[in-house]
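**Student:** Fold the following, please.
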Amino acid sequence: MKETVYTRHIEARLKEAMEDSPVVLIQGPRQCGKTTLAQMVGNPAGYAYRSFDDEDLRSFAETDPIGFVKDLPERVILDEVQKVPRLFSSIKLSVDRNRTPGRFILTGSVNVLQVRQITDSLAGRMQIIRLHPLSQSEISQTPPKFLDVLFS
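**Tutor:** A predicted model of the protein is given here:
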């Protein structure tokens, strides 16, 4: 059975953020489409993909966060970043050395911003895109209504 992929109204805002900031965080509740959106935008632009659902990858990032970030490709999607909070100070160091816009696309759950390390480390270096569950206009593939615009 083929999974339907919907165009998200917030996609243009994500692309703008990638042109302006070295780090973009797609934040939202579980199963709202963060990973799909990141890959829809990142894959055509040549972004590599790493998921911290992979226990070996997560272990490497936790054990040697500086080495992990150094080994990353120039443009990368890091999925489920809330699972490795120690990583954010290493991303900060990398961004301080190279502020090229669009280097990192991060995805994380709603509680990712409650981790003080994250907000402190990436202040001024990261734009946050808040993703909500699919709206009726996204499902029906029609222009957004007032409430869709208000919440996107």
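
**Student:** List the buried residues of the host helix or strand of E62.
**Tutor:** Taking DSSP states H and E as the criterion, the element that holds E62 is helix 55-63. Going by neighbour count (16 or more other CB atoms under 10 Å), the buried part of helix 55-63 is 57-58, 61. Yep, even glycine has a C-beta here, placed from its N, CA and C like the rest.

**Student:** same deal with stretch 12-22?
**Tutor:** Applying 16+ other CB under 10 Å to stretch 12-22 flags 14, 17-18, 21-22 as buried.

**Student:** swap in stretch 99-112?
**Tutor:** Result for stretch 99-112 [16+ other CB under 10 Å]: buried residues 102-109, 112.

**Student:** Run through who's touching it.
**Tutor:** Stretch 99-112 has contacts (CB atoms under 8 Å, 6 or more residues apart in numbering) with 18-30, 34-35, 38, 41-42, 45, 47, 74-82, 91, 94-95, 118, 125-126.

**Student:** Among the buried residues of stretch 12-22, name the ones in helices.
**Tutor:** Of those, the ones assigned to helices by DSSP state H are 14, 17-18.

**Student:** center of this structure - which residue?
**Tutor:** L106 (2.6 Å; CA atoms, centre = their mean).

**Student:** so which strand or helix has it?
**Tutor:** Counting by DSSP H and E, L106 is part of strand 104-108.

**Student:** Now list the buried members of the contacts of stretch 99-112.
**Tutor:** Buried among those by 16+ other CB under 10 Å: 18, 21-28, 34-35, 38, 41-42, 47, 75-82, 91, 94-95, 118, 125-126.

**Student:** In helices, which of these appear?
**Tutor:** Counting by DSSP H, the part of these found in helices is 18, 34-35, 38, 41-42, 91, 94-95, 118.

**Student:** what's the spacing between the nearest residue to S89 once chain neighbours are set aside and L93?
**Tutor:** Of all residues not flanking S89 in the chain, S121 sits nearest, at 5.0 Å (CB to CB, 6 or more residues apart in numbering). Counting by CB to CB, to the nearest Å, the separation of S121 from L93 is 9 Å.

**Student:** And those two? Which one has more around it.
**Tutor:** Legend: neighbour count by other CB atoms under 10 Å for S121 and L93, higher for S121 (20 against 14).
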